[in-house]
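Asks: I would like the atomic coordinates for the input below:
(one chain, ligands or ions: 1)
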Amino acid sequence: MIKFEFPKDFMFGTGSSCYQFEGSTYADGKTENMWDWATRMYPEKYKNTKTEPSSAFYKNFREDVREMKAQGLKTFRFSISWTRIFPEKDGEINQKGIDFYNELIDLLLENGIEPFVDIFHWDLPLYLMEIGGFSNKEIIHYFTKFAKVCFESFGDRVKLWSTMNEPSVFCHAAWMNGYWPPYEKSFKKALESAHYALICHYRAVKMYREMNLPGKIGAVIAIVPVYPLDPASNDTMGATYSMETTTLWWLDPIFLGKYPENILRDCPAYAEAMPEGYAEELASEFVPCDIIGLNYYYPGVAKYEEDSPSKSTEIENYYIVEGQKFENYPAGLYDAMIFVKKRYNNPEIYISENGLGLLDNGRKEDMINDDIRIKYIREHLRMVSRSIDAGVNIKGYYYWSNFDGFENTAGYTYRFGLNYIDFETGERTRKKSWYYYQKVINDCCVD
Ligand code: NOJ
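Replies: Numbering: from 1, shown residues only. You can find the predicted model right below:
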């Protein structure tokens, strides 16, 4: 029988983020971020949303870490809540926020679980949303101030850092579609915020280096390998343009210090929307990082479209499976890994997210007996193992997510977790996939 093995020190983990799982919105001095505000103001947008995200990790983290240990997790990914640390725009540090993450980090380490920390996973403070968020250049000041406190407070023990999670979503998708708070649609702000987010990333990496801390730093980027609809046509160009306006808009600046050239040459809408002096600014601020987190969920399929601003159109739902949040195509993970290895000289990679969101049909039993998730994990882990065999430098895999939680556009419609959460009571139940993943970690292998 074919076996797909992993190196003995491979880091199997699970992921989370502060807003989606912590709850305790106003506890211990925390103030509102833009999601607290959005779900309070427009509950109907988030279908079935509760007054606060109820995976209740803030209250239950001690018990949750015990569960992680029981499962055998080697690593756990989480983010720091900005408004727990800085409740006010220009105010003092909130020590209670620092205390919470210190206790969490210490507990993880005591249990042999390596923390992977994202400084920013989408929970923009409301006071920063009100000044335009990342589309306002002032964000660089606030972001670096926040990053500095994170490094000073946790940098002695946290060895794996990401400056930010999926800027393609919180900059590009959020502004281009206008579906995120503050619900404004602006192509220009999408590109401006992308540019300032990259500067924030470089500045944080630079500061981290200067502080001589004992770990590694990078960013977490959503990777979408794009295939042409008709490979015998100029859809191959369409697929390239599409990938350059999405994934490569981030990976090229992060690794190479420049934006994808084809787009700025061939797509006037992009060139015109960029802030002045962007290319020089990017090149002068560029700092290489140590690691990259890649979130893989689905591939893209695109065709060439002369009149579209990006000269391409995405064919949606090509690989969709009913009842699943995203298209499902495990082989795309392998293709993406080989692509990154070649283009960026084999960097150190963490698959920082990969997971299956299943439509909640309201029946707990169905949600817990999640054979389909087991199949999903197995098929994707085979691709990870094959990539490692092909020489890709993948050090870890984080199943998304540890718990069922809040989704930033779909509210509580889909469940991704290995742990079932009763959102009324906060009660946790291990799903069938929880036991499967436990066995994978123990065997260091999938079949
Ligand atoms: C990627 C995001 O980082 C995460 O916040 C989200 O829950 C998952 N995608 C699933 O949609």
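Asks: identify the bridge partners of the residue nearest to the spatial centre of the chain.
Replies: Taking Cα atoms, centre = their mean as the criterion, Asn165 is the residue nearest the geometric centre of the chain, at 4.1 Å. On the basis of DSSP bridges, Asn165 is bridged to Val220.
Asks: if I look at it, how far off is Lys89?
Replies: 22 Å (Cβ to Cβ, to the nearest Å). Any C-beta I mention is one placed from the backbone N, CA and C, and that applies to glycine too.
Asks: what about stretch 46-61, start to end distance?
Replies: Criterion Cα to Cα, to the nearest Å; first-to-last residue distance in stretch 46-61 is 25 Å.
Asks: kindly apply the preceding question to stretch 386-403 instead.
Replies: 27 Å.
Asks: ditto for stretch 338-352
Replies: 17 Å.
Asks: list the buried residues in that stretch.
Replies: Phe339, Val340, Lys341, Tyr344, Pro347, Ile349, Tyr350, Ile351, Ser352 (16 or more other Cβ atoms under 10 Å).
Asks: please, which helix or strand holds Gln438?
Replies: Element membership for Gln438 (DSSP states H and E) is helix 432-443.
Asks: quick one, what contacts the closest residue to Trp37 other than its chain neighbours?
Replies: Excluding the flanking residues, the one nearest Trp37 by Cβ to Cβ, 6 or more residues apart in numbering is Leu126, at 4.9 Å. Residues counted as contacts of Leu126 (Cβ atoms under 8 Å, 6 or more residues apart in numbering) are Thr31, Glu32, Asn33, Met34, Asp36, Trp37, Thr83.
Asks: can you read off the backbone torsions of Ala194?
Replies: phi -60, psi -40 (degrees, to the nearest 10).
Asks: ditto for Ile292
Replies: The phi/psi pair for Ile292 (degrees, to the nearest 10) is phi -130, psi 140.
Asks: pLDDT score for it?
Replies: Ile292 carries a pLDDT value of 98.
Asks: could you look up the SS state of the nearest residue to it once chain neighbours are set aside?
Replies: Spatial nearest neighbour of Ile292, chain neighbours left out: Gly218 (4.8 Å); criterion: Cβ to Cβ, 6+ apart. Using DSSP: H, G, I helix; E, B strand; the rest coil, the structure places Gly218 in strand.
Asks: hmm, back to that, and the buried residues of stretch 338-352, which is closest to the ligand?
Replies: Ser352 (8.2 Å; Cβ to the nearest ligand atom).
Asks: give me the element that closest one is part of.
Replies: Going by DSSP H and E, Ser352 is in strand 348-354.
Asks: follow-up on the earlier one: for the ligand, see how far away the residue nearest to Trp37 is.
Replies: 19 Å (Cβ to the nearest ligand atom, to the nearest Å).
Asks: looks to me like Arg77 is in a helix.
Replies: No: membership of Arg77 in a helix is not supported by three-state DSSP, which gives strand.
Asks: count the residues that sit near it.
Replies: Residues within reach of Arg77, counting by other Cβ atoms under 10 Å, total 29.
Asks: surely it and Glu114 touch.
Replies: No: with contact defined as Cβ atoms under 8 Å, Arg77 does not count as touching Glu114 (9.6 Å).
Asks: common neighbours of these two, please.
Replies: Gly13.
Asks: OK, contacts around the residue nearest to Ile292?
Replies: Here Gly218 is in contact with Trp161, Ser162, Thr163, Val205, Ile254, Cys289, Asp290, Ile291, Ile292, Gly293 (Cβ under 8 Å, 6+ apart).
Asks: and of these, the nearest to the ligand?
Replies: Using Cβ to the nearest ligand atom, the contacts of Gly218 come closest to the ligand at Gly293, 9.8 Å.
Asks: mind listing the residues bridging to the closest one?
Replies: Bridge pairing for Gly293 - DSSP bridges - gives Val220, Tyr350.
Asks: near the ligand, which residues of this structure?
Replies: Applying Cβ under 6 Å from any ligand atom, we find that the chain lies next to the ligand at Ser17, Gln20, Asn165, Glu166, Asn295, Glu353, Trp400, Glu407.
Asks: and the residue of the stretch 201-350 of the chain found nearest the ligand, how close does it get to Pro268?
Replies: Evaluated by Cβ to the nearest ligand atom, the stretch 201-350 of the chain has Asn295 as its residue closest to the ligand, separated by 5.4 Å. Distance of Asn295 to Pro268, computed by Cβ to Cβ: 30 Å.
Asks: name the residue in the two with the higher neighbour count.
Replies: Asn295 (22 against 10).
Asks: go ahead and confirm the more buried one touches Val224.
Replies: No: taking Cβ under 8 Å as the definition, Asn295 is not a contact partner of Val224, at 9.5 Å.
Asks: quick one: the strands in the stretch 101-250 of the chain?
Replies: Secondary structure of the stretch 101-250 of the chain (DSSP state E, counting those that start in this stretch): strands located at 114-120, 160-165, 216-222, 226-228.
Asks: which helices and strands does the helix holding Gln438 pack with?
Replies: strand 11-15, helix 57-71, helix 371-389 (3 or more Cβ pairs under 8 Å, 6 or more residues apart in numbering; DSSP states H and E).
Asks: kindly recompute the last result at 10 Å.
Replies: Here helix 432-443 touches strand 11-15, helix 57-71, helix 364-368, helix 371-389, strand 394-399, strand 419-421, strand 445-446, going by 3 or more Cβ pairs under 10 Å, 6 or more residues apart in numbering; DSSP states H and E.
Asks: now these as a markdown table including mean pLDDT and mean neighbour count?
Replies: Converted to a markdown table, the helices and strands packed on helix 432-443 look like this (pLDDT from 0 to 100; neighbours: other Cβ atoms under 10 Å):
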| stretch | mean pLDDT | mean neighbour count |
| --- | --- | --- |
| strand 11-15 | 99 | 25 |
| helix 57-71 | 98 | 17 |
| helix 364-368 | 98 | 13 |
| helix 371-389 | 98 | 19 |
| strand 394-399 | 99 | 24 |
| strand 419-421 | 97 | 22 |
| strand 445-446 | 98 | 17 |
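Asks: closest one to Asn234 among these?
Replies: helix 371-389 (29.0 Å; Cβ to Cβ).
Asks: check what pLDDT the nearest residue to the residue of the stretch 201-350 of the chain closest to the ligand once chain neighbours are set aside gets.
Replies: Spatially, and ignoring its direct neighbours in sequence, Asn295 is nearest to Glu353 (3.7 Å; Cβ to Cβ, 6+ apart). Listed pLDDT for Glu353 reads 98.
Asks: any chance of JSON lines for the helices and strands packed on helix 432-443, columns distance to Leu229?
Replies: Below are these laid out as JSON lines (distance: least, Cβ to Cβ, whole Å):
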{"stretch": "strand 11-15", "distance to Leu229": "32"}
{"stretch": "helix 57-71", "distance to Leu229": "41"}
{"stretch": "helix 364-368", "distance to Leu229": "35"}
{"stretch": "helix 371-389", "distance to Leu229": "23"}
{"stretch": "strand 394-399", "distance to Leu229": "29"}
{"stretch": "strand 419-421", "distance to Leu229": "38"}
{"stretch": "strand 445-446", "distance to Leu229": "32"}
